[in-house]
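Asks: Any chance you can model this:
(2 chains)
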Amino acid sequence: MSGGHRLALGFSGAVALVWGAVFALTLARAELPREESGRVVAVYPFGWDSRKAAAAAFRTEARLVRDTWLPNAIEVISEQPGFAGRLQDSGAIAVYRAEPFSLFTLAGCTGLPPGLVTRSLRRFG
Amino acid sequence: MAAPAAPALTWRTPLLVIIAGCTIALLNFGVRSGFGLFLEPISAANGWGREVFAFAIAIQTVLWGFGQPFAGAMADRYGSGRVLAIGAILYAAGVALTAYSSTPLMLNVTHGVLIGLGLAGTSFTVALAAIARMVPPEKRSWALGIGTAAGSMGQFLMVPLGQAFIAAYGWAFALILLSLFALAIVPLASVLAGRAPEGTGVQQSLSEALREAGVQRSYWLLIFGFFVCGFHVSFIQTHLPAYIVDRGLDPATGAWALALVGLANVIGSYTAGVLGGRHSKKYLLSFIYGARAAVIAIFVMLPMTEISVLIFAFAMGLLWLSTVPLTSGLVAQIFGPRYMATLFGIVFFSHQVGGFLGVWLGGRLFDATGSYDMVWWISIGLGVFAAIVHWPIDERPLARVAPVPA
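Replies: Below you'll find the model as predicted:
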C-alpha cells in the first residue's frame, strides 16, 4: 500500500475514533433517568427484531408512536411517571427522548432551503 | 507551463497541509449538514412556521454560492489562512448566535448571513486551492481526492452526532457545541496560511487571470459540466425520498438510501482523486457523467424494489462528488494554482446554480405533472450533455509567454 493510501486510511481511522468516542459519550449523557416519561425511543439489545422489541415495550403501559430505522429500537409514549424505568426493566438497554424527525429534516440536511424547494415532501409531513 | 507547487515553508509540510485541509473540509461540510435537524425544534420553540427557518437557509445558500468566487479571490490575494480564519469566526458566530435568535430578522442575520458568509470563507474552494498550491503537482489530484472525501465523511458523520447532541443537551446547547467545531477551523487555518508566491509562474494580476480564463473554451466547458453535477446531486438528495414513497416503498428506505449515498461518496471521491493522478481527468469526468446518465436510466426504467433503491444509491454515491477532485484538478492543471481559488470558485458557483435549479425544478415539475418522470429524463439528458462537453476540453497547461529578463 502506498504512503498516500496509508495516510487516507490513518486519517479516516483517527476521525472514526474521535467521532466514536464523542458519539458514545453523548449517547450516554442523553439517556433518560428512570423517573422520566413522555415520548421516548427505547433501544433493546442488538439482534432483537422489531416484533420482539415491541412485545417487550408493550409489557409496560407504552403506546406505539412508530417504528424506527433500527429493528431493535421503538418509539413509544406514556405520561405516567417512571415510564423510562419500566422500559429498562422490560429489557431496554437505553431510553432516549424522541426527537421530531421527518423527511423535512432530511431535506434540511442538504443545506438547501427546505420550505422553498421541498413542497412535494409536504405530502409526507 | 504549469506553475510548480509552492515550496513547503518551514513546518508547513505537505503532510500537515493535507491533514489540516482535510479536517477543515470535514468540519465545513459536517457542521452544515446537520442544520436540518434544527428546523423543527427552533420553529417549535419560537412558534414559527417552517418558512421562517427555510428563508434563513435560503439566504445562507445564496450567500454561500455567491460568496465563493469572492472568498476565492480574497484567498488568492491575501492568503488562504486569513480567509479561512475569518470565515470560521463568522461561521462559528452564526451557528452559536442562532441559538439566541428570537425573531425572524435575527435568524436571517445569524443563520442566514453570518453562516452563509462563513461557509463561503471556509469552503472547498479555499481549502482545496490551498492544498493544491502546497503539494507537488504529481500528488495534487490524490490530495484533492482525499480533501473531497474528508468533506463527504463530515456530511456522513455529523448528522447523527448533531442528533445526539440535541438529545443529550437540547437544541440550543447543541448549536453552541457545533459552533465550537466550526471555530476549530481557526487554528487549522494557520497551517494553510500564505498564497502561491508570484515567482511560481508567469506573473499575472487577478483581472488578467480572469480575462485569460474567460476566453478559454475549456474553462466554459468545465463550468457547464459542473452545473450538471449540482443539478443531479441536489435533485436526488432532496427528492429521492419522496420519489421512493411515491412508488410505494417505506420512507425509511429513502433515509437509508441517502445514508448509503454518503458512505459511497467517500469512496468515490477518494478513488476519483487517485485515478485523476494517473489518467486523463477530462475522460474520467466524461465517464462519470455518462455513468450517471446510465445509472439513472436503469433506475427509472426498472421496477423499484428496496434492493434496486439501495443499489442505485450506492452507484450514485460512487459518482457523487467524485467530480470535485477532477474538476478542481483540471482548473489547477490548466491555469496553474496561483488563482485557483478564484477560478474554481466561479466553477463552483455554477454547481450551486445547477443545484438550486435541480431542487426547484423537481418541485415545480412534480406539481405540474404529478410525477418526477420528466426531471429524471432531464437528468439523463444533462448527464449525456456533460459527458459530451468534457470530451473536447484541452487539459494541457496553458502556454504563457514568460517575460524575458533584461
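
Asks: CA atoms for contacts and neighbours, from now on please.
Replies: OK.

Asks: What is the burial count for the residue nearest to residue B:304 when sequence neighbours are not counted?
Replies: Among residues not flanking residue B:304 along the chain, residue B:247 sits closest, at 7.3 Å (C-alpha to C-alpha, 6 or more residues apart in numbering or on different chains). Residues within reach of residue B:247, counting by other C-alpha atoms under 10 Å in any protein chain shown, total 11.

Asks: Can you give me the pLDDT of residue B:247?
Replies: Listed pLDDT for residue B:247 reads 86.

Asks: residues from the stretch 151-300 of chain B in reach of chain A?
Replies: B:157, B:159, B:161, B:164-165, B:167-169, B:234, B:237-239, B:241-242, B:251-252, B:255 (C-alpha under 8 Å from any C-alpha of the partner chain).

Asks: can you rerun that using 6 Å?
Replies: Residues of the stretch 151-300 of chain B lying close to chain A (C-alpha under 6 Å from any C-alpha of the partner chain) are B:161, B:167, B:168, B:238, B:242.

Asks: got a list of what the first one touches?
Replies: This means residue B:161. residue A:23 (C-alpha atoms under 6 Å, 6 or more residues apart in numbering or on different chains).

Asks: element containing it?
Replies: helix B:137-169 (DSSP states H and E).

Asks: What residues sit buried inside that helix?
Replies: B:137, B:139-159, B:161-168 (16 or more other C-alpha atoms under 10 Å in any protein chain shown).

Asks: Then stretch B:128-138?
Replies: B:128, B:129, B:130, B:131, B:132, B:133, B:134, B:135, B:136, B:137.

Asks: For the residue most central in space within chain A, give its distance to residue A:59.
Replies: By C-alpha atoms, centre = their mean, the mean C-alpha position of chain A lies nearest to residue A:41, the distance being 6.6 Å. Plainly put, residue A:41 is 15 Å away from residue A:59 if you go by C-alpha to C-alpha, to the nearest Å.

Asks: likewise residue B:74?
Replies: 63 Å.

Asks: which residues of chain A fall in helices?
Replies: Assigned by DSSP state H, the helices in chain A fall at A:3-30, A:50-57, A:83-89, A:103-109, A:114-117.

Asks: Quick one, which of these gets closest to residue B:359.
Replies: With C-alpha to C-alpha as the criterion, residue B:359 lies closest to helix A:114-117 of the helices of chain A, at 6.0 Å.

Asks: got the residues of the stretch 301-406 of chain B near chain A?
Replies: So far as C-alpha under 6 Å from any C-alpha goes, the stretch 301-406 of chain B lies against chain A at B:359, B:360, B:363.

Asks: which one of those residues has the most neighbours?
Replies: residue B:359 (27 neighbours).

Asks: Please name every helix or strand in contact with the helix or strand where that one lies.
Replies: Taking DSSP H and E as the definition, residue B:359 sits inside helix B:340-369. Applying 3 or more C-alpha pairs under 6 Å, 6 or more residues apart in numbering or on different chains; DSSP states H and E, one finds that helix B:340-369 contacts helix B:50-78, helix B:124-134, helix B:217-246.

Asks: Sketch out the low-pLDDT regions of chain A for me.
Replies: In the predicted model, chain A carries pLDDT under 70 at residues A:1, A:99-125.

Asks: per-domain residue ranges of it.
Replies: Using automatic domain parsing, the domain parsing of chain A gives A:1-30, A:33-125.

Asks: Could you say which of those domains is packed most deeply?
Replies: domain A:33-125 (a mean of 19; mean count of other C-alpha atoms under 10 Å in any protein chain shown).

Asks: any idea how far that domain is from the chain center?
Replies: Remark: domain A:33-125 is offset 7 Å from the chain centroid, using C-alpha atoms, centre = their mean, to the nearest Å.

Asks: Quick check: nearest residue in space to residue A:82, chain neighbours excluded?
Replies: residue A:35 (3.8 Å).

Asks: Could you report the distance from that neighbour to residue A:54?
Replies: In terms of C-alpha to C-alpha, residue A:35 sits 21 Å off from residue A:54.

Asks: Equivalent analysis for residue B:109, please.
Replies: Using C-alpha to C-alpha, residue B:109 is found at 45 Å from residue A:54.

Asks: Please apply the same query to residue B:26.
Replies: Residue B:26 is 38 Å from residue A:54, by C-alpha to C-alpha.

Asks: Residue B:155 against residue B:33, yeah?
Replies: Yes: applying C-alpha atoms under 6 Å, one finds residue B:155 in contact with residue B:33, separated by 5.5 Å.
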